[in-house]
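> Sequence isn't available, so here's the structure alone:
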Ligand code: AMP
């Protein structure tokens, strides 16, 4: 069946979209962009209006199938699936587990159903890739009863890890068959331990708040801090939530910005807060790298991806040098080139290899959407 595949990533205030020619290259969209400012003055009122703006930009290209990024698939969804009423109800039922993301993802699906009546919609879950984690890595040290009720480590960024696992298998099959840690370092940050391309453990857990120091999210935190703020200092729950999600991480540490490029520029000028934030970021990545290598009982490769991982040679250098004891030996020149070079940023004889690969979550969604709907297959 000919036509175009549309991928949508609906967040709280934006819809990112990519359009693929179903008969063409599913790794390269013919058009991509985003509509921002949903619910703000001057922006679209809601996701339906935002999608209308996306459609205006797309022009007359006939859309034969739509693929959606859905943050939470719980324990039920182990793979992408076609959206029907039952699936929609299950996605909705998972909203309390991801209140900051899932309702917006759902709004995107509903807006697309209304805009493209009869066109198949596919849900691709960020958690699904981690369903292969052994149970020990899915558990907190909490009573079993809570685990059964869904209080567990799910893991996120799964579409990105799937993209990287596929690229690694295509480029370096021997490394892909072994033990790799992927560092997805962007606005949101997480790391994943892969054994033969399957997720074994990851740093985000019950929600995308856990693990590494992020742009505005705190990452790993003693739960007693939350209790203290509420019980001793009387903070309302919403304020604590805002602090942890929007006012912490690089922004909170630096008192300046959540954006790594801005922080690197400020640190180069001697800004103390920026230096403090970057130091914290690097240290957390190094600690989690060692923890994930331990979960794998060894390490063959490290892969950097995401806005920071792909673009900041300085941070990659600090991380690889800090992990020298694990067997990583940096190749300065290759690192400077990053993804524009051969992709490998360690020396030929480095016992553990490090690579830089560009993640392509939209391509993963497009591939699943094509496969499940038959759009694009002749
Ligand atoms: P993402 O969420 O994957 O789009 O990544 C966004 C993050 O990548 C932001 O913190 C950006 O500042 C950072 N980033 C993008 N380009 C660069 C760069 N050239 N150097 C350092 N950080 C960068």
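Right, received. Where do you want to start? Owing to the predicted nature of the structure, the values given are computational and were not obtained by experimental measurement. Residues are numbered from 1 along each chain as shown.
> So what's the gap between the lowest-mean-pLDDT helix or strand in the chain and the chain middle?
One helix or strand of the chain scores below all others by mean pLDDT, DSSP states H and E: helix 47-58, with a mean of 88. In terms of Cα atoms, centre = their mean, to the nearest Å, the centre of helix 47-58 is found 24 Å from the chain centre.
> Likewise for stretch 348-361?
So, by Cα atoms, centre = their mean, the centroid of stretch 348-361 is 18 Å from its chain's centroid.
> Up against the ligand, what does the stretch 51-200 of the chain have?
186, 187 (Cβ under 6 Å from any ligand atom). Using the backbone N, CA and C atoms, a C-beta is placed for each residue, glycine as well.
> Please enumerate the helices of the stretch 51-200 of the chain.
If you assign secondary structure with DSSP state H, counting those that start in this stretch, the helices in the stretch 51-200 of the chain sit at 85-93, 102-115, 135-138, 144-148, 158-171, 173-176.
> among these, which gets the worst mean confidence?
Between the helices of the stretch 51-200 of the chain, the lowest average pLDDT goes to helix 102-115, which shows a mean of 92.
> quick one: contacts of that helix?
Outside of helix 102-115, the residues that reach it under the criterion Cβ atoms under 8 Å, 6 or more residues apart in numbering are 6, 8-12, 15, 46-48, 50-52, 55, 66, 68-72, 83, 88, 91-92, 94-95, 119, 121, 123.
> Just the buried ones from these, in ChimeraX syntax?
A single ChimeraX command suffices to select whichever of the contacts of helix 102-115 are buried according to 16 or more other Cβ atoms under 10 Å:
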select :6,8,9,10,11,15,47,48,50,51,55,66,68,69,70,71,72,83,88,91,94,95,119,121,123
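> among the helices of the stretch 51-200 of the chain, which is nearest residue 281?
Taking Cβ to Cβ as the measure, these were each checked against residue 281, and helix 158-171 came out nearest at 18.3 Å.
> which secondary structure elements does that closest one contact?
helix 173-176, strand 179-185, strand 189-195, strand 198-202, strand 301-305, helix 361-373 (3 or more Cβ pairs under 8 Å, 6 or more residues apart in numbering; DSSP states H and E).
> repeat that with 6 Å
Using 3 or more Cβ pairs under 6 Å, 6 or more residues apart in numbering; DSSP states H and E as the contact criterion, the elements in contact with helix 158-171 are strand 179-185, helix 361-373.
> Out of these, which gets nearest to residue 327?
For the helices and strands packed on helix 158-171, the distance to residue 327 is smallest for strand 179-185, at 11.7 Å, taking Cβ to Cβ.
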